[in-house]
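Q: Starting from these lines, generate the structure:
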Amino acid sequence: MANIQSLDPSASPLDYYGWELRRQREAHGLKQGQLGEIIFCTGSLIGQIETTKKVPTRDFSERVDAALGTDGVFSRLAGLVLRSQLPNWFQPYAEMEAKAAYISTYQAQLVYGLLQTEEYARALLGVDHPSRVDELAAARLERQRILHRADPPALWVVMSEAALLQEVGGHEVMRKQLARLLDFRQNPWVQIQVLPFTVGQHTGMMGTFTLLRFDDDPDLLYVDSYQQGHMTANPPAIRERSVGYARLQATALSPEDSAALIARVMEERYGDQS
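A: Residues are numbered from 1 along each chain as shown. Okay, the predicted model is just below:
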């Protein structure tokens, strides 16, 4: 077992969180079990987080802040901790995604991370990282908080019909995921279009990509690959993909027709077949 006294609070956000949690708990004269009773969890979980064996969730952090009167310290730390759980190569993109004023993405096979349900995300992440599903899923959900800000980015998603048909996590998970997509019809900052198979060849067939636009910084292009992503501010590359994205938008179903297709797939493919 790691010893909290040996943790270097400057080593990582997770180490600092564990070190600070124990410091604050002891300052309040509470044992791990006592704090656990107050915030409705086990003392064992408190100990695991203090020794960096577990990654704290935002809900846990908010309850700790309320119990210890720490004025949002742990809630703020949670964002840093969860972002640090993302793959190292992905963290620069996540930071820029959080700062973007406009996000335009084409998704060739999967639902975009900012729109995923927890169950869908866990099913995906569990394929290659079964031992880290909890922290990776929490980190992905943390990214989605940008859509709930007072000034959220404008998000435009064009997704291949394949994303609706590729079953992830089973019928119930897919049904809830497609229902989540339909919920975004009420969000004026999010537009979703489906690119049907019937369009044939198109400019997105080389794979998924995302364009980020900022109020005061140069645009960025991010392209996914298997083990890492590539981000560039190269103007010719951004211009070429921007034109390609406009063609995808023009070719895809309208947001209204896309919602109708999503609803039909949700009922016909993932509905109750009993």
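Q: and stretch 137-150, which residues are buried?
A: 137-143, 146-147 (16 or more other CB atoms under 10 Å). To be clear about C-beta, it is placed using only N, CA and C from the backbone, and glycine gets the same treatment.
Q: what's the answer for stretch 112-122, then?
A: Under 16+ other CB under 10 Å, the buried positions of stretch 112-122 are 112-117, 119-122.
Q: ok, those vs Ala78, which is closest?
A: Ala121 (17.3 Å; CB to CB).
Q: So the closest one versus Ala138, what's the distance?
A: Ala121 sits 9 Å away from Ala138, going by CB to CB, to the nearest Å.
Q: Equivalent analysis for Met96, please.
A: 21 Å.
Q: His171 now?
A: 25 Å.
Q: Show the average pLDDT along whichever helix or strand Ala250 is part of.
A: For Ala250, the element it lies in under DSSP states H and E is helix 235-251. Mean per-residue pLDDT for helix 235-251: 96.
Q: Correct me if wrong: Gly207 contacts Gly229.
A: No - counting by CB atoms under 8 Å, Gly207 stays clear of Gly229, with 11.1 Å between them.
Q: more crowded one of the two?
A: Between Gly207 and Gly229, counted using other CB atoms under 10 Å, Gly229 has the larger neighbour count: 17 against 12.
Q: if we can go back for a sec, who touches both of Gly207 and Gly229?
A: Val223 (CB atoms under 8 Å, 6 or more residues apart in numbering).
Q: what's around Ser44, how many residues?
A: 13.
Q: Toward the C-terminus, what is the element adjacent to the host helix or strand of it?
A: Following DSSP H and E, one finds Ser44 within helix 43-50. Using DSSP H and E, the helix or strand that follows helix 43-50 in sequence is helix 58-68.
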